[in-house]
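J.: Sequence unavailable; structure follows:
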């Protein structure tokens, strides 16, 4: 665990699509294209938003989308060279920006050098007469995590890039990998911050038994948008109670969007509920992550088909100046809420307690010791006055910048603190 993780807020980018790289790998012998350097104007944008971490999707040589890695030690030529990556890390660190790499160690692409080599047959899982593949994707061959040489290889990759200068790792499909494998690899490395991609299950096990620092909080993600869509804050209250059990032992990676799910602005049936979702993200315990474009209210639906991620992984303009002004209000809202979290950095380890739960209204307190914030969420079309036995309260931030005390126009939100 690293102390800086208590203060990081990630801006999450899928580099291959963000930078407009071609869908497939470059032909053999084609010169690398230094697209990583095109991230330079976005580093200032990231800081202006209030973030201080750049969470990069896959950057290693792959066949298509980056999750079919063929060489964990080589930068994908569609993004540039190792020199371009060194430049990016130096530019980030010069600005105080932490960098997170995306490591795919459950499976590899069929172009992986050791796949098909009889000398390395034990590196891959068999499924009858064929090789096991990841979730039905024939292009993704599952590694044999019981093979000690595979553990040595993964440990070597993790250490190599940490020594190179990266600050931590997101471990893709960590849920599909046996926990002892993570304990033998990431769990033995005393540098960097490790977060595992875990969809559901016993989240703390990846920390206690797998040796990781954090996991992705998909339970909370789902409860946020579905609770708002169903006008059912009871679902959200239940998810926050579960979240508390995690936050007491570690800080989960919290998010309302990422490169694998429908954009929040498309997932919500009522666009005016966007602010409620974001308020929750920035007032509960955890390490927040913002998927690039969500702060501009980008829309996009994930489809279960070939190229079904295209809508949620668009190419971005060359500079932030190319963004539409229509996204400016959502960007400003992110800045306000991130500013709130910066002023109350203890929220990293906060736990919540419900004060009022109804279908369309939800009030909770976020606390850490004697530090407290009161959050009021009203999903109804009409205003609601939250009757709370909390003593005098002072308004910290509201959706309309108006101090109405415990009355929240609908739909809307307010954050208060003891006077």
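T.: Done, it's in. Bear in mind that the values here come from a model prediction, so they are computed numbers and not experimental data.

J.: can we go C-alpha only for contacts and neighbour counts from here?
T.: Fine.

J.: bridging residues for the residue positioned nearest the centre of the chain?
T.: The centroid of the chain falls nearest to residue 289 when counting by CA atoms, centre = their mean (4.5 Å). Bridge pairing for residue 289 (DSSP bridges) gives the partners residue 10, residue 255.

J.: right, and it touches residue 7 too?
T.: No: Residue 289 is beyond contact range of residue 7, at 11.8 Å (criterion: CA atoms under 8 Å).

J.: quick one: strands adjacent to the helix or strand bottoming out on mean pLDDT in the chain?
T.: In the chain, no helix or strand scores lower on mean pLDDT, DSSP states H and E than strand 126-127, which sits at a mean of 92. Here strand 126-127 is paired, per DSSP bridges, with strand 130-131 (antiparallel).

J.: Show me what whichever strand or helix holds residue 241 is in contact with.
T.: Using DSSP states H and E, residue 241 maps to helix 233-247. Residues outside helix 233-247 that contact it (CA atoms under 8 Å, 6 or more residues apart in numbering): 203-204, 219-220, 223-224, 227, 252, 285-286, 349-354, 357-362.

J.: Was I right to think residue 199 contacts residue 222?
T.: No: assessed by CA under 8 Å, residue 199 is found out of contact with residue 222, at 10.2 Å.

J.: all helices in the stretch 251-400 of the chain, in order from the N-terminus.
T.: Using DSSP state H, counting those that start in this stretch, the helices of the stretch 251-400 of the chain run over residues 264-267, 274-281, 328-343.

J.: now the helices: where do they sit in the stretch 1-150 of the chain?
T.: 15-18, 40-49, 82-94, 148-164.

J.: Mark which of the contacts of helix 233-247 are buried, thanks.
T.: 203-204, 219-220, 223-224, 227, 252, 285-286, 349-352, 354, 357, 359-362 (16 or more other CA atoms under 10 Å).

J.: residues contacting residue 175?
T.: 196-199.

J.: how close does it get to residue 378?
T.: Distance, residue 175 to residue 378, by CA to CA, to the nearest Å: 35 Å.

J.: before we move on, back to that, please identify the most buried of the helices of the stretch 1-150 of the chain.
T.: Stretch with highest mean neighbour count among these: helix 15-18 (a mean of 22; mean count of other CA atoms under 10 Å).

J.: contacting residues around that helix?
T.: 22, 36, 56-59, 65-66, 78-79, 313-316.

J.: Give the rounded mean pLDDT of that helix.
T.: Average pLDDT, helix 15-18: 98.

J.: what's the answer for stretch 72-82, then?
T.: So the average pLDDT for stretch 72-82 ends up being 98.

J.: So what touches that stretch?
T.: 15-16, 21-22, 25-26, 31-36, 59-62, 85, 157.

J.: rerun at 7 Å
T.: By CA atoms under 7 Å, 6 or more residues apart in numbering, the residues outside stretch 72-82 that reach it are 21, 25-26, 32-36, 59-62, 157.

J.: same thing with stretch 116-125?
T.: With CA under 7 Å, 6+ apart, stretch 116-125 has contacts from 114, 131-132, 142-144, 147, 150.

J.: For residue 107, which non-adjacent residue is closest in space?
T.: residue 142 (4.1 Å; CA to CA, 6 or more residues apart in numbering).

J.: Go through the buried ones among the contacts of helix 233-247 and flag which are in strands.
T.: 351-352, 354, 357, 361-362 (DSSP state E).

J.: Distance to residue 416 for the residues you listed - can I get that in TSV?
T.: Output for these, formatted as TSV (distance: CA to CA, whole Å):
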residue	distance to residue 416
351	16
352	14
354	14
357	17
361	16
362	14
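
J.: can you name the two of those that are farthest apart?
T.: Largest separation among these by CA to CA: 351 and 361, giving 19.4 Å.

J.: and residue 189, how many residues sit next to it?
T.: 17 (other CA atoms under 10 Å).

J.: do the same with residue 272
T.: 15.

J.: Just give the nearest non-adjacent residue to it, would you?
T.: Nearest non-adjacent residue to residue 272 (CA to CA, 6+ apart): residue 411, at 6.6 Å.

J.: which ones are touching the one you found?
T.: 272-273, 378-382.

J.: give me phi/psi at it?
T.: phi -70, psi 150 (degrees, to the nearest 10).

J.: Check the spacing between it and residue 362 real quick.
T.: Distance from residue 411 to residue 362, by CA to CA: 12 Å.
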